[in-house]
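S.K.: Structure of the sequence below:
(one chain, ligands or ions: 1)
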Amino acid sequence: MEEEAVGLGHGDEILWKSNIPPLLLLLIPILFSTIFILRSHLKKKNKPTFPLPPGPWKLPIIGNIHQLAAFSAGVPIHRRFADLAEQYGPIMHLKLGETSNVIISSPESAREFLRTHDQNFAARPYLPSADIIFYGSKDIAFCSEGDYWRQMRKILTMELLTDKRVKSFRPILEAEASKLMNLIGSEPGQDIFLAGGDTSPVTVEWAMSELMKNPEKMNKVQREVREMFDKRGKVVDDACFNELHYLKSVVKETFRLHPPVPLSIPREGRETVVINGCQIPAKTRIIVNSWAIGRNSSHWTQPDQFIPERFLNSSIDYKGNDFQLIPFGAGRRMCPGMNYGIFVVYLLLANLLYHFDWKLPNQIKPQDLDMSEDSGGTVPRKNNLYLNSIPYHAP
Ligand code: HEM
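M.R.: Here you go, the predicted structure:
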């Protein structure tokens, strides 16, 4: 093969005059491209690829929305997710329109996402509604992970919701609780109804509903609360909440069966990761179904029954370390208001249980009490709980 340069000078191009036939010249790039494609194909073959988590079949554009809409008429979405997870597993992939979602429904998978891969899933996805309501997603619960979130969280946990600060709110909260009890006591025998839109009142409403449905548990918890406060000047005093073991179990059992926020605020994966042999691509939304986790039959016996006793000799707590009970979430984005929220629950519940006996109106039998759930971010009862109050007079 012979080649010669025919021109090289200031401002000239190098021109090559070649003796290679034109067809061969055309074949060389084709040959190189073929080698390149084959090599990358072989590389891909050797590299293991992982499937997405299992999930129901998807339609173009809408994905799985039709499965949720068609069957969920009247069924709260956390229950529908739990039904689908029975079929497709605790790490389930759902396409909701454009967005790719993974629904977590078992303690083991929650631990993988919220503990092992916590850092990767600490961001929140961009939600147009949160962007509008919270002035550019500036609310701490919806802003993405970054300096702004870190700063906000620091202020909240180190300034506003410290144990010391929560303690300083106590006199105000206790005064408010006492006003509420006076109001109920001023109209004994009348119907009162409990309705809560916020997380703590919602918890109290569910606890009272379960206790009304299970009168022997109601007797047991009232006995404990009254024994304690009768001997402490007939005043509900938060200093001994820690010693009310059965009341604490009632609250835990209520969180297990009725987590006020059954579907966690979505998280978003920063990088693609492989969990339990499934690929979770970056930007996937992660939703933890703590309602399904609390009723997981491999972790709880008689999961649908209200049995506070299960917590009496157990170290399981709701503080984000026992993944079978995570009403406050877990990991970096776990609820920073837990201590405050819990205090309000104990305060209200202990007062209601100490100062009054409770009766269902209209001869409703405990077993017939309606327990339907509403839908939404926070899930209260669908229908208000109406009760007759009878003041308790300490001996
Ligand atoms: C019974 C009471 C409460 C329950 C069950 C509850 C539950 C939750 C849950 C499940 C989350 C999502 C956690 C996650 O993404 O993993 C959350 C987040 C949050 N909660 Fe609560 N919460 C309660 C009370 C409160 C209170 C009283 C406050 C404030 C005073 C509060 C402030 C927040 C904030 C700011 C976040 C977002 C944290 C972040 O994104 O970094 N919560 N809560």
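
S.K.: Any idea how many residues pack against the nearest residue to residue 273 once chain neighbours are set aside?
M.R.: For residue 273, ignoring the flanking residues on the chain, the nearest one in space by Cβ to Cβ, 6 or more residues apart in numbering is residue 280 at 5.3 Å. Heads up, the C-betas are built off the backbone N, CA and C, glycines and all. Counted with other Cβ atoms under 10 Å, the neighbours of residue 280 add up to 26.

S.K.: Equivalent analysis for residue 165, please.
M.R.: 13.

S.K.: Let me know the helix or strand that residue 36 is in.
M.R.: Taking DSSP states H and E as the criterion, residue 36 maps to helix 22-46.

S.K.: What are the phi and psi values at the residue nearest to residue 273?
M.R.: phi -110, psi 100 (degrees, to the nearest 10).

S.K.: Kindly report the same for residue 95.
M.R.: Dihedral angles (degrees, to the nearest 10) for residue 95: phi -100, psi 120.

S.K.: Residue 389 too?
M.R.: Main-chain dihedrals, residue 389, degrees, to the nearest 10: phi -100, psi 140.

S.K.: Surely it and residue 358 touch.
M.R.: Yes - if you go by Cβ atoms under 8 Å, residue 389 and residue 358 touch, sitting 6.4 Å apart.

S.K.: what touches both of those two?
M.R.: When contacts are counted by Cβ atoms under 8 Å, 6 or more residues apart in numbering, the set common to residue 389 and residue 358 is empty.

S.K.: returning to that earlier point: identify the residues contacting the residue nearest to residue 273.
M.R.: Contacts of residue 280 by Cβ under 8 Å, 6+ apart are 53, 102, 269, 272, 273, 274, 286.

S.K.: what does residue 351 give?
M.R.: Counted by Cβ under 8 Å, 6+ apart, residue 351 has contacts 177, 178, 180, 181, 236.

S.K.: neighbour-wise, which of these leads?
M.R.: Going by other Cβ under 10 Å, residue 236 tops these with 25 neighbours.

S.K.: Contacts only, for that residue.
M.R.: Contacts of residue 236 (Cβ under 8 Å, 6+ apart): 174, 177, 225, 229, 347, 350, 351, 354, 355.

S.K.: what's near enough to touch the last one?
M.R.: The one in question is residue 355. Residue 355 neighbours (Cβ under 8 Å, 6+ apart): 181, 184, 185, 236, 391, 392.

S.K.: Just put the residues you listed in JSON lines and tack on secondary structure, distance to the ligand and pLDDT.
M.R.: Listed next are the contacts of residue 355 as JSON lines, based on DSSP: H, G, I helix; E, B strand; the rest coil; distance: Cβ to the nearest ligand atom, whole Å; pLDDT from 0 to 100:
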{"residue": "181", "secondary structure": "helix", "distance to the ligand": "20", "pLDDT": "92"}
{"residue": "184", "secondary structure": "helix", "distance to the ligand": "22", "pLDDT": "90"}
{"residue": "185", "secondary structure": "helix", "distance to the ligand": "26", "pLDDT": "87"}
{"residue": "236", "secondary structure": "coil", "distance to the ligand": "19", "pLDDT": "86"}
{"residue": "391", "secondary structure": "strand", "distance to the ligand": "28", "pLDDT": "93"}
{"residue": "392", "secondary structure": "coil", "distance to the ligand": "26", "pLDDT": "93"}
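
S.K.: residues from the stretch 51-200 of the chain in reach of the ligand?
M.R.: 140, 141, 153, 161, 199, 200 (Cβ under 6 Å from any ligand atom).

S.K.: The third one: how many residues sit nearby?
M.R.: Put plainly, it is residue 153. Residue 153: 16 neighbours (other Cβ under 10 Å).

S.K.: pretty sure it is touching residue 139, no?
M.R.: No - using Cβ under 8 Å, residue 153 makes no contact with residue 139, being 11.9 Å away.

S.K.: Would you mind measuring from the residue nearest the centre of the chain to the ligand?
M.R.: Of all residues in the chain, the one closest to the mean position by Cα atoms, centre = their mean is residue 264, 2.1 Å from it. Note on residue 264: its distance to the ligand, by Cβ to the nearest ligand atom, to the nearest Å, is 4 Å.

S.K.: On the three-state scheme, the nearest residue to residue 325 once chain neighbours are set aside is what?
M.R.: In space, and not counting its chain neighbours, residue 325 is closest to residue 318: 5.2 Å by Cβ to Cβ, 6+ apart. The local conformation at residue 318, judged by DSSP: H, G, I helix; E, B strand; the rest coil, is coil.

S.K.: Contacts only, for residue 318.
M.R.: Applying Cβ under 8 Å, 6+ apart, the residues near residue 318 are 252, 255, 325, 326, 327, 328, 338.
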